[in-house]
Structure formats: C-alpha cells, structure tokens
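[1] next comes the sequence, and after it the predicted model I'd like to discuss.
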Amino acid sequence: QVQLVESGGDLVQPGGSLRLSCAASGSASSLYAMAWWRQPPGKQRELVASISKGGITDYTDSVKGRFTISRDSAKNTVYLQMNSLIPEDTALYYCNRGLPFYSTYRQGNLWGQGTQVTVSS
C-alpha cells in the first residue's frame, strides 16, 4: 500500500527554521511530481510549493525566498526547508503526490496525514 508520511512539524519562534519531510513508501516518489500544501486554522488548504519530476520548483508568492522544496530520490523523500518563519505560516502541512504521467505537478489523490507547524513567541 502506498503511503506518504510527513514529519518535522513543531512549535518555533518567529524568524526560526524548520525542515519538513515527506517519506513515500510503496512507490518511488521520483516517478512523480510532488507538492507541499498547508491549511491554516479556519482556512482552506493552499498549495505552498511543488517540484516536477525533473526537479523544477515553484512556490506561492508568500513563501518565495523563504521556503525551499527538494527531493532525495535515494531516500524516497521530499523536503520543505522553511526559513524566516512568520506567524502566518502556522498551519497543518501536507504533502501530495502528483498525477502519474505528468512531468509537472498536477494535484493527485494521495495525501499524507499532515504535520503541524506553529510559529509563535
């Protein structure tokens, strides 16, 4: 059974950093484009960052210059490095596997359970 498992969420002070991990089991994540989404309290889920099969990245404007998405194919893991965190980054963060056969990211149906990031002093 294919699963995505996120980890790395925590409580951090404004200006701090975190690295989230999304480990894929049961399939090679390098065969798919992948993405990180987040859902702030009381708000809709939003796309944060994506990475194509070829490693091309894209970010929502609010995190450009602060977040970096990357992948380690050998570990079957996708990462989200988050720097200069602000309270508005507080959310439940999810990873999503893109649709098969597309090089660039298209939202797929496989989600992890989420990992909580809280930015507060």
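    Looks like it arrived, so ask away. Residues are numbered from 1 along each chain as shown.
[2] residue 40 contacts residue 87, correct?
    No. Assessed by CB atoms under 8 Å, residue 40 is found out of contact with residue 87, at 10.0 Å. Any C-beta I mention is one placed from the backbone N, CA and C, and that applies to glycine too.
[3] more crowded one of those two?
    Neighbour count, other CB atoms under 10 Å: between residue 40 and residue 87, residue 40 has more, with 14 against 11.
[4] so what's that one up against?
    By CB atoms under 8 Å, 6 or more residues apart in numbering, the contact list for residue 40 reads 46, 88, 90-91.
[5] 7 Å instead?
    90-91 (CB atoms under 7 Å, 6 or more residues apart in numbering).
[6] any idea how far residue 20 is from it?
    15 Å (CB to CB, to the nearest Å).
[7] shaky segments in the protein?
    For the chain, applying pLDDT under 70 flags the ranges 29.
[8] go again with 90.
    Scanning the chain for pLDDT under 90 picks out 1-2, 25-31, 73-74, 100-101.
[9] for it, what spans make up the strands?
    Ranges of strands within the chain are 3-7, 11-12, 18-25, 34-39, 46-51, 57-59, 67-72, 77-82, 91-97, 110-111, 115-119, based on DSSP state E.
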